[in-house]
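In: Sequence plus the predicted model coming up.
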Amino acid sequence: METKKKSIFQRPLWVVIFALTAAIAWGWAYPLIKLGFEEFGITPQMTGSKMLFAGIRFMISGLIILAIAWNTKKNFQVKRSSDWWYILLFALLNTTIHYACFYIGLSHSDGARAAILNSLGVFMLVMLACLFFKTDKLNFRKIMGCVMGFSGILILNIGSTSSIQFSWLGDGMIILNALCSSFAGLMTRGLGKRVDIFVGTGYSLAIGGGLLILPGLIMNGNLPHITGYGILILALLICISSLGFALYNKLLSCNPIGKVAIFNSLIPAVGAITSCWCLQEPFYINYVFAIILLTGGIYIINKGKE
């Protein structure tokens, strides 16, 4: 009897390599976004400009993925016309609302702190996947891993000074962004059943990016100061989105969600280190303990078989 050959995206070693690549790339987005705001002259109060900046990034990322999909002869056909509503909802959760909250929150928070808070979405996705998918089973190991992860989030505010206390406009928006990310992660497998996953990813980024640009323009958003360095930063962010989402969504569509999503817990470590390095942000001792607990949660969840 002939055994069906596994895709490269299902082979354990390549799953690790691709998931790590996406996580490390996304970790670099934290300092790059803040550097981009600074270079383009976008202040924390310029919400419309932040929406415009984010929208340009994701719309171009989506168009690049679609261009690559076209060049590699992927199937662009959506199975049913009603599936476009699913794609639109996915675009709203995965891109528009998700990153509207992220960009607003990041401009009111340290990049390192935002990176760690954003990892809340990873543990939520692991738990939610156990409720919705048979391939993701809830067990003691996953519960303990998530408890460690949530402890890492909570420890950020233990013994805080006023400079790192919770704020709704900063931390609150980052947490809301994490919630959107979790529910979008659950929808990724359904997206792959309605359209080729690479094409669906391109659609969601292009549509979601366009829906970010529209309110940005309505709110009189603009890029006040355009420089070559600013364009370079934007180009790097576009590459991060194209690479990260293409790899991550493909992995989620054909592997147990918990096994893939948990790698994104490395994002806070990369985001914290790169933000402190690139932005000269202070590295609070809270971050060390939080990162230890978060990475411990990753190890526990990924250890052993389902």
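Out: Here it is on my side, so go on. Numbering: from 1, shown residues only.
In: need the longest helix for this protein.
Out: Longest helix in the chain by number of residues, with DSSP state H as the criterion: helix 12-40.
In: packing partners for that helix?
Out: If you count contacts as 3 or more C-beta pairs under 8 Å, 6 or more residues apart in numbering; DSSP states H and E, helix 12-40 packs onto helix 47-71, helix 97-107, helix 111-118, helix 228-254, helix 257-261, helix 266-279. Any C-beta I mention is one placed from the backbone N, CA and C, and that applies to glycine too.
In: To residue 188, which of these lies closest?
Out: Nearest of those to residue 188, taken as C-beta to C-beta: helix 228-254 at 4.2 Å.
In: gap between that closest one and the chain center?
Out: Centre-to-centre, helix 228-254 and its host chain are 10 Å apart (C-alpha atoms, centre = their mean, to the nearest Å).
In: Repeat that for stretch 167-174.
Out: 17 Å.
In: Give me the mean pLDDT for that stretch.
Out: For stretch 167-174, mean pLDDT is 84.
In: before we move on, back to that, looking at the helices and strands packed on helix 12-40, which is closest to residue 128?
Out: Among those, helix 257-261 comes nearest to residue 128, with 8.5 Å by C-beta to C-beta.
In: what does the closest one contact?
Out: Helix 257-261 is touched from outside by 15, 19, 122, 125-126, 129-130, 133, 135-136, 142, 185-186, 188-189, 248, 251-252, 301-302, 306, with contacts defined as C-beta atoms under 8 Å, 6 or more residues apart in numbering.
In: ok, and the closest residue to residue 104 other than its chain neighbours, which helix or strand is that part of?
Out: Spatially, and ignoring its direct neighbours in sequence, residue 104 is nearest to residue 173 (4.9 Å; C-beta to C-beta, 6 or more residues apart in numbering). Using DSSP states H and E, residue 173 sits in helix 173-194.
In: export the helix or strand just after that helix as CSV, just CAs?
Out: Counting by DSSP H and E, the element after helix 173-194 in chain order, helix or strand, is helix 197-218. Taking C-alpha atoms only, helix 197-218 is exported to CSV below (Å, rounded to 0.1, in the frame of the first residue of the first chain):
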residue,chain,number,x,y,z
ILE,A,197,-3.6,29.0,1.7
PHE,A,198,-0.9,31.2,0.0
VAL,A,199,-3.6,32.9,-2.1
GLY,A,200,-5.8,33.3,0.9
THR,A,201,-3.0,34.9,2.9
GLY,A,202,-2.3,37.3,0.1
TYR,A,203,-6.0,38.2,-0.2
SER,A,204,-6.3,38.7,3.6
LEU,A,205,-3.3,41.0,3.8
ALA,A,206,-4.2,43.0,0.7
ILE,A,207,-7.8,43.4,1.7
GLY,A,208,-7.0,44.0,5.4
GLY,A,209,-4.3,46.5,4.4
GLY,A,210,-6.7,48.4,2.2
LEU,A,211,-9.2,48.5,5.0
LEU,A,212,-6.5,50.1,7.2
ILE,A,213,-5.6,52.7,4.6
LEU,A,214,-9.2,53.9,4.2
PRO,A,215,-9.8,55.1,7.8
GLY,A,216,-6.2,56.4,7.8
LEU,A,217,-7.0,58.7,4.9
ILE,A,218,-10.5,59.6,6.4
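In: Tell me where the model's unsure across the stretch 201-306 of the chain.
Out: 302, 304-306 (pLDDT under 70).
In: Tell me which of the helices and strands packed on helix 12-40 lies nearest to residue 212.
Out: Using C-beta to C-beta, these put helix 47-71 closest to residue 212, at 3.2 Å.
In: quick revisit: report the mean per-residue pLDDT for the longest helix of the chain.
Out: 91.
In: which parts of that helix are buried?
Out: Residues of helix 12-40 classed as buried by neighbour count (16 or more other C-beta atoms under 10 Å): 15, 18-19, 22-37, 39-40.
In: In three-state terms, label residue 220 for me.
Out: Three-state call for residue 220 (DSSP: H, G, I helix; E, B strand; the rest coil): coil.
In: How many neighbouring residues does it have?
Out: For residue 220, the neighbour count with other C-beta atoms under 10 Å is 11.
In: If we ignore the residues flanking it in sequence, what's nearest it?
Out: Using C-beta to C-beta, 6+ apart and skipping the chain neighbours, the partner closest in space to residue 220 is residue 48 (5.4 Å).
In: If anything else comes up later, I'll come back, but that's it for now.
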